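missing the sequence, but the structure's below:
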């Protein structure tokens, strides 16, 4: 490290523009030193100190090759040692700031880390050695106090330029890029660098003021070839610019050489900062795109897995549903046989065909028959649910006379109100058609279920069956009661299977299937159910069905 630093220090001092020559506009060793600390850690700092001390030998052994040690200057040795300490601190501080505030593992892979590198590792850390070095030269009387400001500015910008030019190149190219097998990409990269070299030659060797044409070429190289292309391209541009300015062949050349190098530093810094920032932004974009693609792949994989799981679950559910339907159908048949026998024998006993019975016996047999019929109704409801779920229900439409159809239903359900003070009546709206085409058994079951439900929840009062037409396409039947009513929360649940409103209904008989069957029958007939209810004021169930009017007799 000491040898490398010393040799590059002596070479860089050939561009020294402020007497005695130790302050130079482009100081390459600063970039090499920061890269060395990045690779090897703080333990390399003594090598930087020694290299700087050897590189500034002209301070303590002027004209060494001719005079030897006869004019050895102790104050120069102290100044060179101070400059060496400043160089070691500068490199160590630059590394620390990058590690503390940037991304030390990938310093040029994020825009934020690039800014940390430029602002802190380059510009801020170089304030240390610029201050120590320029002050050492002035206090050692190697430079006049009046030149202190110029020396400090040139030293600071020179060290910063060396770091900005060389450190990214050395850190990035420690790992060579993958060589592409794509011939078109290789040709594209070759043409891009040929264009860069051509414009650089014309601008800084031929003295044509077209150096800013290098910027779009650098941007193109950055976007196509990433950070490796960015650091190599900016290094080449910097080399052209330095060479041309030193030899007076660029538009940066001014009457004052120091001013020339300040313009040069501004140009180089602008191109490098732009290239590094753009490369970092492109790297972040590629990383985000890769993460997004990986997320999409994982999501697609999870969707496929979930779809397969759902397909299996659906198949299992359908299999279970078929098994349940078959089981219910078989059990319903098995239950009906003994129940019908119980009902039949109850009828025989009530009719006295097996002998006379006293009133108490007759009443008990009536209870047996009543409960058997109730159980048979529950079995029929369960079988209806299973048939609907199995999709075995068919549509059988027939012509019916509306008034006659509903009067028959009314006569059939009046017996259910024998033990209650309830009046059941029908009301036909003026627009009620005389004859319609319907599936009579299903509509009858709907009406019976709704009226039966109204009777259960109406201790006393009135139940009205209303019939009418909404328009030429729809007709309706409405069952209105003055019963206990329901809350809005209960209305959301009443059409669920085996769901009952628990409050104030525990003593009311029922399986909780009637309304569920009703809703499914209505939907099977392409209709809809609407419910309005208020606690204590009753409920209104409105069934709307497609209207098929039959004209004539």
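Here it is on my side, so go on. Please read all numbers here as calculations on a predicted model, not as lab measurements.

which residues touch stretch 421-438?
Applying C-beta atoms under 8 Å, 6 or more residues apart in numbering, the external contacts of stretch 421-438 come out as 397-403, 406-407, 410, 413-414, 417, 451, 455, 458, 460-469, 475, 545, 547-550. (C-beta placed from N, C-alpha, C; glycine too.)

residues contacting residue 252?
Taking C-beta under 8 Å, 6+ apart as the test, what residue 252 contacts is 241, 244-245, 260-261, 263-264, 267.

If we use 6 Å, what do you get?
Residue 252 is in contact with 245, 260, 263-264, counting by C-beta atoms under 6 Å, 6 or more residues apart in numbering.

ok, which stretches of this structure are strands?
16-18, 23-24, 398-401, 421-428, 435-438, 460-469, 474-481, 528-534, 538-546 (DSSP state E).

Buried residues, the third one. List them.
Going by neighbour count (16 or more other C-beta atoms under 10 Å), the buried part of strand 398-401 is residue 400.

Where does the prediction get shaky in the stretch 1-150 of the chain?
By pLDDT under 70, the low-scoring segments of the stretch 1-150 of the chain are 15-23, 25, 62-72.

Which stretches in it count as helices?
Listed in chain order, the helices of the stretch 1-150 of the chain (DSSP state H, counting those that start in this stretch) span 2-12, 28-40, 45-55, 64-67, 74-101, 111-116, 126-139, 148-172.

Between helix 148-172 and the longest helix along the chain, find me the angle.
Longest helix in the chain by number of residues, with DSSP state H as the criterion: helix 257-350. If you take axes from the mean of the first three to the mean of the last three C-alpha atoms, to 10 degrees, helix 257-350 sits at 50 degrees to helix 148-172.

Who are the packing partners of helix 257-350?
Secondary-structure packing of helix 257-350 (3 or more C-beta pairs under 6 Å, 6 or more residues apart in numbering; DSSP states H and E): strand 16-18, helix 111-116, helix 148-172, helix 214-246, helix 359-390.

and the longest one, how far out from the chain's middle?
Between the centre of helix 214-246 and the centre of its chain there are 38 Å (C-alpha atoms, centre = their mean, to the nearest Å).

How about that helix, which residues are buried there?
Buried residues in helix 214-246 (16+ other C-beta under 10 Å): 214, 217-222, 225-238, 240-242, 244-246.

For burial, what's the neighbour tally of residue 76?
23 (other C-beta atoms under 10 Å).

same question but for residue 359, I mixed them up
There are 7 residues near residue 359, going by other C-beta under 10 Å.

can you check residue 199 too?
20.

picking up where we left off before, switch the strands of the chain over to TSV; also include distance to residue 251.
Formatted as TSV, the strands of the chain follow (distance: least, C-beta to C-beta, whole Å):
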stretch	distance to residue 251
strand 16-18	18
strand 23-24	21
strand 398-401	101
strand 421-428	102
strand 435-438	96
strand 460-469	93
strand 474-481	87
strand 528-534	84
strand 538-546	87
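
what's the most buried one of these?
strand 23-24 (a mean of 27; mean count of other C-beta atoms under 10 Å).

measure the residue nearest to residue 350 when sequence neighbours are not counted to residue 352 for me?
Nearest residue to residue 350 in three dimensions, chain neighbours excluded: residue 365, at 5.5 Å (C-beta to C-beta, 6 or more residues apart in numbering). Distance, residue 365 to residue 352, using C-beta to C-beta, to the nearest Å: 11 Å.
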